[in-house]
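In: Can you look at this prediction? I've put the sequence above it.
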There are 2 protein chains.
Amino acid sequence: MQEERRLAVLRAIVEDYVSTEEPVGSKALVERHGLNVSPATVRNDMAALEDEGYLTQPHTSAGRVPTDKGYRLFVDRLTTVKPMSTAEKRAIATFLDGAVDLDDVVSRSVRLLSQLTRQVAVVQYPTLSRSTVRHVEVVALAPERLLVVLILSTGRVEQRVVELAAPLDDDELARLRSTLNQAATGEVIADATTALRALADDGRAPERAVAATLVEAMSDHRSDERVAVGGAANLARYGDSFDTAVRPLLEALEEHVVLLRLMGEAGSAGTVTVRIGAEGPYTELAATSVVTTGYGPHDDALATLGIVGPTRMDYPGTMAAVRAVARYVSRILDEA
Amino acid sequence: MQEERRLAVLRAIVEDYVSTEEPVGSKALVERHGLNVSPATVRNDMAALEDEGYLTQPHTSAGRVPTDKGYRLFVDRLTTVKPMSTAEKRAIATFLDGAVDLDDVVSRSVRLLSQLTRQVAVVQYPTLSRSTVRHVEVVALAPERLLVVLILSTGRVEQRVVELAAPLDDDELARLRSTLNQAATGEVIADATTALRALADDGRAPERAVAATLVEAMSDHRSDERVAVGGAANLARYGDSFDTAVRPLLEALEEHVVLLRLMGEAGSAGTVTVRIGAEGPYTELAATSVVTTGYGPHDDALATLGIVGPTRMDYPGTMAAVRAVARYVSRILDEA
DNA sequence: ACTTGGCACTCCTTACACGTGAGTGCCAGC
DNA sequence: GCTGGCACTCACGTGTAAGGAGTGCCAAGT
């Protein structure tokens, strides 16, 4: 009974604190929410919640502020999924539909996500590991110089220039092209890699060089680690907590490796993961939360997408936006 | 005679202010620099410099701070080009030499530049307009679906997928490929565009669609407007002037169009352009300066590269770094 | 067994006063 | 034209005091 009200109090405190950015006191709370009890009652509840570690006071005789544990409870038990309005849905769909290629999909997603959530958006490029090779193209830039283009099922294109020891005529080029495609096209990256590695070891001179380059391109960790970041300007809203929230985050954004670790493993598509403050792997980022979800064609979680921001954020709204964007991006990847 | 000393005083003030971030007074000035005159003399000079608009006081009885005009004079007349040490030069060269493709060159340049200058680095991708078409490749993804790859002399690769009305067999594909290459390869973008436009208007069905897509890809303004940005974390150093310097800049960084306008036209390669505070086109960015230079193969200024940061910055060092990086990037583009 | 009003207490915030010191402008002398 | 001296200005830090928002606790009410 009173347990229920306590949770209502916690929810109210989180909501108020998120919007006002100030510690919230008992009196203001009963006024702004329709709690039919007196401030004194709320005070008792708040004291209890503080004992249990859900709230804390910046100093005696100040209002309460949620702790990480408080936010956690809020997110787990007090959040009602508020679906996006149809207008919003349509806006998302049309904005993403205009994309011309994979890079464009990613960069649009980042912009969209940062605008919807007013936070810093992070979108990981679809991982190579689960995608398949759609085609390998070899173009002679000069007799001894080839451009090798690797086209993947996700729409990503990698290109490399290969210098050959000896010139190659058109017939040999055609043969090379078909050998490579026979080995790789249609295969999952991992399988294509082993097939090409065999070519690189055993094949004749031109195959060797080209296959080796392809193997390198596919196993290149850079490709797995690419992320797009946007909306850093939204941090300006948090100018007050510059040192605790803005500065560390700004620094983390530069380090894409850090960022990827922060985003964590791609949770299964459809589930939104929330990591609050010190739950993350970096102590400097104790004041920032991460809201992510997986996305990919057929809801295969190929990669992760989400936002990072101060712990003091609108979790329900953010989670809804992240989920919605992931859903639409996945749909677009389905079509491609 | 005394005119000369006045300039020395201005230089000293700029240098001190940049490093200490505090208004600089007459006494501190004579101590820190080896001026062989008394503070009173310096005060007279400072008063004169203030009358002429080179200095200003935050308030009476505070030290002096350079105005935009003061920085301008400093940059134009008081800056001795300090060349990079050979160690630095070598570091730059090896760092950039590892790049595998154009994207990599650009992203490495951004990182390098932001680290050298400890400012926000901005690198514009080489413009399409002056580069030539190196090759057009057409790949059948499916009988009615083509991937068109456009390879430019700068190393940039654009790809588009084209859906055809009717399927295409291998012979037709080969013919299409050669037609397109005949029209475009080796031409400057502008000429290639007109040649392809002719094809798009007069050619047969498959040419039409593909040529139209190519024209679109080449004239696509997105490509002209791409920039890479890095080092936003360096703004954290300026946390104090958050509202005047950091916030507006953070917002501008998100708007790549704004950023490009801010960078201005690509000055001829070799000349470093400095735009100080209100000299720029945006009133919100009155507290930020821009240091840029052009770069490109054979010192053709294909694009612009540089840094943006608070007006209170180390101009000589920054200018040297910008120039050095531009030089090495140009050299790398020469080789490619 | 909760809830409530009352009350004393804490402590942040704001305002005001005051001393300190860095820095200035000006002037008379060198 | 440079220099030392001197009075003046103001930001800054500190100390004190009043005001107020908020708390904890207790005794009484339901």
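Out: Ah, there it is.
In: Just say helix, strand or coil for the nearest residue to residue A:21 once chain neighbours are set aside.
Out: Leaving aside its chain neighbours, residue A:21 sits nearest to residue A:312 (6.8 Å; criterion: CB to CB, 6 or more residues apart in numbering or on different chains). Yep, even glycine has a C-beta here, placed from its N, CA and C like the rest. Using DSSP: H, G, I helix; E, B strand; the rest coil as the criterion, the local structure at residue A:312 reads coil.
In: Give me the phi and psi for residue A:312.
Out: Dihedral pair for residue A:312: phi -80, psi 80, per degrees, to the nearest 10.
In: Beyond the host helix or strand of residue A:40, next helix or strand please.
Out: Secondary structure here is read from DSSP states H and E; on that basis residue A:40 sits in helix A:39-51. For helix A:39-51, the succeeding helix or strand toward the C-terminus, using DSSP H and E, is strand A:55-56.
In: same for that following strand, what does it pack against?
Out: Packing contacts for strand A:55-56, counted by 3 or more CB pairs under 8 Å, 6 or more residues apart in numbering or on different chains; DSSP states H and E, involve helix A:39-51, strand A:65-66.
In: Which among the ones you listed is found nearest to DNA strand D?
Out: Of all these, it is helix A:39-51 that lies closest to DNA strand D, at 4.2 Å by CB to the nearest atom of the strand.
In: Which strands or helices does that closest one pack on?
Out: Applying 3+ CB pairs under 8 Å, 6+ apart, one finds that helix A:39-51 contacts helix A:2-20, helix A:26-32, strand A:55-56.
In: Now do that helix: everything it contacts.
Out: Here helix A:39-51 makes contact (CB atoms under 8 Å, 6 or more residues apart in numbering or on different chains) with A:2, A:5-6, A:9-10, A:13, A:26-27, A:29-30, A:35, A:55-57, A:64, A:70.
In: Just name the closest of those to DNA strand D, please.
Out: residue A:26 (3.4 Å).
In: OK, contacts around that closest one?
Out: A:39, A:40, A:42, A:43, A:46.
In: how about a cut-off of 10 Å?
Out: A:9, A:13, A:35, A:37-46, A:63-64 (CB atoms under 10 Å, 6 or more residues apart in numbering or on different chains).
In: Secondary structure class of residue A:133, three-state.
Out: strand.
In: State the distance from it to DNA strand D.
Out: Separation of residue A:133 from DNA strand D (CB to the nearest atom of the strand, to the nearest Å): 61 Å.
In: From residue B:151, how far off is that residue?
Out: 20 Å (CB to CB, to the nearest Å).
In: just to revisit the earlier point, deepest of the helices and strands packed on strand A:55-56, which one?
Out: Of the helices and strands packed on strand A:55-56, the one with the most neighbours on average (mean count of other CB atoms under 10 Å in any protein chain shown) is strand A:65-66, at a mean of 22.
In: which helices and strands sit right next to that strand?
Out: helix A:2-20, strand A:55-56 (3 or more CB pairs under 10 Å, 6 or more residues apart in numbering or on different chains; DSSP states H and E).
In: got the angle between the longest one and helix A:39-51?
Out: So that's helix A:2-20. Interaxial angle, helix A:2-20 versus helix A:39-51 (axes from the mean of the first three to the mean of the last three CA atoms, to 10 degrees): 90 degrees.
In: So is helix A:2-20 next to DNA strand D?
Out: No - for a cut-off given as CB under 7 Å from any atom of the strand, helix A:2-20 has no contacts with DNA strand D; the smallest distance is 9.1 Å.
In: Low-confidence stretches in chain A?
Out: A:1-2, A:128-129, A:203, A:220-225, A:266-267, A:336 (pLDDT under 70).
In: Hmm, residue A:114 is touching residue A:306, no?
Out: No - using CB atoms under 10 Å as the test, residue A:114 is too far from residue A:306 to be in contact (11.0 Å).
In: hang on, residue A:251 packs against residue A:288?
Out: No - taking contacts as CB under 10 Å, residue A:251 lies outside contact range of residue A:288: 11.3 Å.
In: Show me what counts as buried in stretch A:16-33.
Out: Residues of stretch A:16-33 classed as buried: A:16, A:17, A:18, A:23, A:24, A:25, A:26, A:28, A:29, A:30, A:33 (neighbour count, 16 or more other CB atoms under 10 Å in any protein chain shown).
In: Mind checking if that stretch is in reach of DNA strand C?
Out: No - on the criterion CB under 7 Å from any atom of the strand, stretch A:16-33 is out of touch with DNA strand C, staying 8.7 Å away.
In: end-to-end on that stretch?
Out: End-to-end span of stretch A:16-33 (CA to CA, to the nearest Å): 9 Å.
In: Stretch A:179-192 now?
Out: 12 Å.
In: what ranges do the helices span in chain A?
Out: A:2-20, A:26-32, A:39-51, A:68-73, A:86-97, A:102-117, A:170-184, A:189-202, A:205-219, A:221-224, A:247-254, A:256-263, A:315-335 (DSSP state H).
In: could you dump the ones you listed to JSON lines with distance to residue A:232?
Out: Listed next are the helices of chain A as JSON lines, based on distance: least, CB to CB, whole Å:
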{"stretch": "helix A:2-20", "distance to residue A:232": "21"}
{"stretch": "helix A:26-32", "distance to residue A:232": "32"}
{"stretch": "helix A:39-51", "distance to residue A:232": "34"}
{"stretch": "helix A:68-73", "distance to residue A:232": "23"}
{"stretch": "helix A:86-97", "distance to residue A:232": "20"}
{"stretch": "helix A:102-117", "distance to residue A:232": "8"}
{"stretch": "helix A:170-184", "distance to residue A:232": "38"}
{"stretch": "helix A:189-202", "distance to residue A:232": "32"}
{"stretch": "helix A:205-219", "distance to residue A:232": "30"}
{"stretch": "helix A:221-224", "distance to residue A:232": "22"}
{"stretch": "helix A:247-254", "distance to residue A:232": "6"}
{"stretch": "helix A:256-263", "distance to residue A:232": "12"}
{"stretch": "helix A:315-335", "distance to residue A:232": "16"}
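In: Can you tell me which of these is nearest to residue B:187?
Out: Of all the helices of chain A, it is helix A:170-184 that lies closest to residue B:187, at 22.5 Å by CB to CB.
In: In the stretch 101-250 of chain A, what residue lies closest to DNA strand D?
Out: Closest contact between the stretch 101-250 of chain A and DNA strand D, by CB to the nearest atom of the strand, is at residue A:243 (17.3 Å).
In: and what of chain A?
Out: residue A:25 (2.7 Å).
In: ok so, going back, of all the buried residues of stretch A:16-33, which comes closest to chain B?
Out: Nearest to chain B among the buried residues of stretch A:16-33: residue A:18, at 21.2 Å, using CB to the nearest CB.
In: That closest one and residue B:125, how far apart?
Out: Distance from residue A:18 to residue B:125, by CB to CB: 40 Å.
In: thinking again about what came up before, so what's in contact with residue A:114 and residue A:306 at the same time?
Out: Shared contacts of residue A:114 and residue A:306, defined by CB under 10 Å, 6+ apart, are found at A:120, A:121, A:122, A:123, A:321.
In: Would you point to the one among the helices and strands packed on strand A:65-66 that's packed deepest?
Out: strand A:55-56 (a mean of 21).
In: Give the pairing partners of that strand; include direction for each.
Out: Using DSSP bridges, the strands paired with strand A:55-56 in its sheet are strand A:65-66 (antiparallel).
In: How far off centre is the partner strand?
Out: Distance, stretch centre to chain centre, for strand A:65-66: 27 Å (CA atoms, centre = their mean, to the nearest Å).
In: quick one, domains of chain A?
Out: According to automatic domain parsing, chain A comprises the domains A:2-78, A:86-125+A:226-335, A:129-221.
In: Does residue A:333 touch residue A:125 like I think?
Out: No - with contact defined as CB under 10 Å, residue A:333 does not reach residue A:125; the gap is 11.5 Å.
In: Of those two, which one has the most company?
Out: residue A:333 (22 against 19; other CB atoms under 10 Å in any protein chain shown).
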